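Undergrad: Sequence first, predicted coordinates after that:
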Amino acid sequence: MYDFAQVFSFYPRILPTPMSLTREQIASIAALARLELTAAEIPVYQETLSRIVDFIGALDRAPTANVAPMAHPLPGLSQRLRPDLVTEADRHEEYQLNAPQVAAGLYLVPKVIE
Amino acid sequence: MSDLHGSTLTQLAAGLRARKFSSVELVTALLARIERAQGSLNAFISVTREPALAAAAAADRALAAGSGGALTGVPIAHKDIFCTQGVRTTAGSRILENFVSPYDATVVAKLKGAGAVMLGKTNMDEFAMGSSNENSYFGPVRNPWNPSLVPGGSSGGSAAAVAARLIPGATATDTGGSIRQPAALCGITGLKPTYGRVSRYGMIAFASSLDQAGTLTASAADAALMLREMAGFDSNDSTSVDTPVPDYVAALEQPLAGLKVGLLQEFFDKGLDRENERRVREALQVYERLGAKLSVVSLPNLPLSVPVYYVVAPAECSSNLARFDGVRFGHRCENPRDLTDLYRRSRGEGFGAEVKRRIMTGTYVLSAGYYDAYYLKAQRVRQLISADFTRAFQDVDVLMGPTTPTPAFALGAKTADPITMYLNDIYTIGANLAGLPAVSVPCGFVQDLPVGLQIVGPHFSEARILGVAHALQRATDWHTRLPPGYA
C-alpha cells in the first residue's frame, strides 16, 4: 500500500486495509464485461482494482449536496437532432471486409438457438 | 536537402509554396529519417511510403499550377487512432491489428483537403489508455532525448516523431493529458483544443465526454497552422460545436501587456519536482518581463481531478469498448464454443492488461449498487472542478502551471502500480474534465531532459493561448533544441 499523502498533500492518508475486492468479485466483474481472464490474471486485477477502488474512494470527502452531476463539459449545449432520413449509401460489402466471418452478406456467429 | 527536417511546419509550407524544394524531395528525406529511427524509437505502427510519394508528386503538380492549399505538400503523421481509408488503423491494440477503415476520419479528410501528405500512423498506448506508451501491442516508444526513458503517452509515437524531427507535425488525442504530457516529456508543443472544437468522427472513442483531437508540433505557430485546418463544425459528430473558426495564425502576434495570468496554486505542491518547478517559474518571469500580471489562483477542488477521472473515463471506456465483440470487425478467438465464449475470449485475447483493467473499473463503478457512490458522485465533483475554473476565469485571462510533476521517467519505472502511473496526469486532467483548451510548451531542461509549461484558457480561447505560447517562443529558444543524435 503506498501513501499518496506523502507525494500530494491533498490526498488523504489511506491506511493499509484488506483487499477491497474478492476474487469472486473480480470474476463477476470480468463476466459482466465479457472478458475471459486467465487464472494468473485474477490476483493481479484483484490487487490493482482494490487499490483503484481505495483511490477513487477519496471522492467521498467532497461535499456535493445540491450539486448537479455533470455529464458533458460544455453546459448549455443540447443533443443535436436531424431529420429521420436515409443519408448513407449501402456499403455493407466494404464494411464486411473487416468481419472475421461473413456469408451471403450476413455476419456469422456460433449457433445461438438450437 | 539534408537539413530540411530542421525546419518548422510553417517554414516548410512556405518553402514548398515558394518552390524552394519539392514535396517529393522533402517526403523522401523524411521517409529515410523515419526508417532510420524506427529501430531505436518505434514511433510508427505503419509507414505509408508509396501512397505518400504519390501524394507528394500530386502536391508538386498542384504547387506548380499555383493551386495549392495551406498545407500542400507538407508531410504529417496521424496517431493510429484516426481512421484512414485503405490504411490499417490499430489504436495500438491486438484487437484491431488487421482493421482497415472503409472511411477517413474528418480530421484526416480535412488535412488531406488542405494538401497535407500523410507519411504514416504513429504508435500509441492501446486505445489511448496510458501515460508512458508502454501499453502498445506494437511495443513501447522510446524518448528521443534518452532511449531508456518513456516519451509519455498516450500520443507517445506522435510526440517522439516530432521531437526527433521525423515529421514536422502530427495529430494526437487528449483525454486526460495524452497530448500535453508527451509534449512536455519530449520537449515540443502540444495543443488540446476545447471539447467540441475539432471533429471526433472517425477517431476511435475512449471516453466520449473527455476525448478531443489536437496537435503535436515544434512550435505554437505550427499548432495554429494545423488547427486552422482541423477545426470546425462536423454534422457527423454530435458533440461538434458550430462556432466560427478564427484565423489562429493571424492571431499569433498579440501584445502581452496587461495579460492576467493566474498561477495554479494547487499545482505547485510538494509532488512537483523542485528543478521542474524552477524551470516553470523562470518561464513565468519571462511572461512578467513581457508585461503580463501574475497572481496566484486557488482551485480547491482540482486535486480531486485524478479520482474523478478514474471513475468517469473507465465508465465511458467500458461502454465504448463494448463494440469490440469479435463479430463485425477485429480479432476473433479460435473455435468459440458459443456466443458468450466468442465475446469473452475474443476480448480477453484482443485487449491488453491496462485496457482490461479500465474496462473492469468502469464495469464496477457502473454496476448496480455502486453507480450512485462512484459514478454520480464523480460527476458531481466534476461539476465542482468545472465551477472552480469558471470562477478563476472571471479574474484572469489564462492559467499557468507545470504540465507534469517530473521530466521523463524510465521504461518500467511505473508499470507495477497503476495509480503511480495515473498520478502523472495530475496537472493535465482538470482541463479535460472542464472541456478547456490547453497547451504545453517547452520551458527549459532538467538534467538534459525537457520540461513543459502548461497554459489553460477559457472555452474556445485557442487563439489566445496559442498567442501566449507564441510570445514565450519569441522570447526563448527552448522549442528549437533538438535531441542529441537527431539534429
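TA: Yep, it's here. Numbering: from 1, shown residues only, chains lettered A, B, ... in the order given.
Undergrad: And B:Arg197, how far from B:Ala77?
TA: Distance, B:Arg197 to B:Ala77, by CB to CB, to the nearest Å: 21 Å. The C-beta positions use only the backbone N, C-alpha and C, and glycine is treated the same way.
Undergrad: cool, B:Asn320 as well?
TA: B:Asn320 is 24 Å from B:Ala77, by CB to CB.
Undergrad: do the same with B:Gln85
TA: On the measure of CB to CB, B:Gln85 and B:Ala77 end up 16 Å apart.
Undergrad: Name the residue in the two with the higher neighbour count.
TA: B:Ala77 (31 against 16; other CB atoms under 10 Å in any protein chain shown).
Undergrad: Break down chain A into its helices, ranges please.
TA: Shown for chain A, the helices assigned by DSSP state H span residues A:4-7, A:23-32, A:41-56, A:92-96.
Undergrad: Let me know whether the last one sits next to chain B.
TA: Yes - interface with chain B: helix A:92-96 contributes A:Glu94, A:Tyr95 (CB under 8 Å from any CB of the partner chain).
Undergrad: what comes up buried for stretch B:54-67?
TA: Using 16 or more other CB atoms under 10 Å in any protein chain shown as the test for burial, stretch B:54-67 gives B:Ala55, B:Ala56, B:Ala58, B:Ala59, B:Asp60, B:Leu63.
Undergrad: do the same with stretch B:364-378
TA: By neighbour count on 16+ other CB under 10 Å, the buried set for stretch B:364-378 is B:Tyr364, B:Val365, B:Leu366, B:Ser367, B:Tyr370, B:Tyr374, B:Tyr375, B:Leu376, B:Lys377, B:Ala378.
Undergrad: Out of those, which sit inside helices?
TA: The helices, defined by DSSP H, take in B:Tyr364, B:Val365, B:Leu366, B:Lys377, B:Ala378 from those.
Undergrad: So which of those residues reach chain A?
TA: Applying CB under 8 Å from any CB to those, those adjacent to chain A are B:Tyr364, B:Val365, B:Lys377, B:Ala378.
Undergrad: list the contacts for the second one?
TA: What it means is B:Val365. By CB atoms under 8 Å, 6 or more residues apart in numbering or on different chains, the residues touching B:Val365 are A:Ile56, B:Val311, B:Pro314, B:Ala315, B:Tyr371, B:Tyr374, B:Tyr375, B:Ala378.
Undergrad: what do you get if the cut-off is 7 Å, keeping everything else the same?
TA: Contact analysis of B:Val365 by CB atoms under 7 Å, 6 or more residues apart in numbering or on different chains lists B:Val311, B:Pro314, B:Ala315, B:Tyr374, B:Tyr375.
Undergrad: So which residues on the stretch 201-350 of chain B come close to chain A?
TA: B:209, B:238, B:241, B:266, B:269-271, B:301, B:303-304, B:307-308, B:310-311, B:318, B:326-329, B:332, B:336, B:338-339, B:342-345, B:347-348 (CB under 7 Å from any CB of the partner chain).
Undergrad: Select from those every entry located in helices.
TA: Per DSSP H, those map to helices at B:Pro307, B:Val308, B:Tyr310, B:Val311, B:Ser318, B:Leu339, B:Leu342, B:Tyr343, B:Arg344, B:Arg345, B:Arg347, B:Gly348.
Undergrad: mind checking the backbone torsions on B:Met226?
TA: The phi/psi pair for B:Met226 (degrees, to the nearest 10) reads phi -70, psi -40.
Undergrad: I'm done for today, thanks for sticking with me.
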